[in-house]
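S.K.: generate a structure from the sequence data that follows.
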Amino acid sequence: MVASALFNGVRAHLIAQGRWESLEEAVIAERADLADWLADAESAPWLPLEPLFAVMAGLQRALAPEGMRELGRERLRADLETGALAPMLRAWIREFASDPTALMRVSPHLWQAITQHAGAMRLVAADPTRVEFRIAGAPGGLLEASGWHRLFEGFGGELMRRSGRQGSVSVSALVDSGELALVGDWSSVEA
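M.R.: Sure thing, here's the model as predicted:
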């Protein structure tokens with residue numbers, strides 16, 4: 001399950017940009033069964049993951065991978081202003097903006113806050129220019145949800161940018177272990 005606020009924030013952002021209506025039509029044209037899920041998403045506190053992954057896949061087909069990353073960056077910026085996790089995120093950024101390793105350690109806490117029964121995120125490695133997390137016990141669909149992955153790369157990239165470093169975040173499936181890897185790499189000096 002995923003907190004509906006995450007998806008509804010994405011939808012509200014796309015509505016404000018005037019892009020949601022055509023994107024929604026394209027998603028429903030591909031998968032008519034998602035119409036009910038989209039309607040329920042407006043009021044349910046938690047949403048099933050598999051339909052979310054299908055919606056994210058449809059969005060990625062329309063926006064391309066870089067468009068999904070940009071959407072993730074835009075959403076984190078907006079979430080810092082008005083999102084349910086805004087106070088926690090702003091406090092974390094104020095405290096750790098000069099230390100990207102510490103700043104990126106917010107990831108497991110965010111994952112726990114926005115998901116239920118979607119696996120556990122743990123820190124695997126951290127040094128002054130790199131951090132790696134793994135999500136173990138994730139549903140199989142999460143490993144294949146590239147639209148969701150690109151959105152999270154954007155979230156992570158924006159979080160890193162807030163630390164003043166140049167870098168990137170990548171999300172990839174480790175099929176052999178059934179885990180999802182999230183890796184942030186950045187320069188050792190502030191940009």
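
S.K.: C-alpha from now on. contacts and neighbour counts both.
M.R.: Noted.

S.K.: tell me which element residue 93 falls in.
M.R.: helix 86-96 (DSSP states H and E).

S.K.: list the buried residues for that helix?
M.R.: 86, 89, 92, 93, 96 (16 or more other Cα atoms under 10 Å).

S.K.: same question for stretch 17-31.
M.R.: 20, 23, 24, 26, 27, 28.

S.K.: which stretches of the protein have low pLDDT?
M.R.: Within the chain, the stretches with pLDDT under 70 are 83-84, 189-191.

S.K.: now do the strands in it.
M.R.: 2-3, 46-47, 120-127, 130-136, 167-174, 179-186 (DSSP state E).

S.K.: could you give the angle of the third one to strand 179-186?
M.R.: Going by axes from the mean of the first three to the mean of the last three Cα atoms, to 10 degrees, strand 120-127 is angled at 30 degrees with respect to strand 179-186.

S.K.: distance-wise, check residue 132 relative to residue 111.
M.R.: For residue 132, the distance to residue 111 equals 14 Å [Cα to Cα, to the nearest Å].

S.K.: and the two? Which one has more around it.
M.R.: Neighbour count, other Cα atoms under 10 Å: between residue 132 and residue 111, residue 132 has more, with 21 against 17.

S.K.: what's the separation between the more buried one and residue 41?
M.R.: Taken as Cα to Cα, the span from residue 132 to residue 41 is 31 Å.

S.K.: ok, residue 5 next?
M.R.: For residue 5 relative to residue 41 (Cα to Cα), the value is 9 Å.

S.K.: how about the helices in the chain?
M.R.: Under the criterion DSSP state H, the chain contains helices at 4-16, 20-30, 34-41, 49-82, 86-96, 100-104, 107-114, 140-144, 146-161.

S.K.: burial-wise, tell me which of the ones you listed comes out on top.
M.R.: Mean neighbour count (mean count of other Cα atoms under 10 Å) peaks for helix 146-161 among the helices of the chain, with a mean of 24.

S.K.: OK, contacts around the most centrally placed residue in the chain?
M.R.: Geometric centre of the chain, nearest residue: residue 152, 2.9 Å, by Cα atoms, centre = their mean. Shown in contact with residue 152 (Cα atoms under 8 Å, 6 or more residues apart in numbering): 69, 72, 171.
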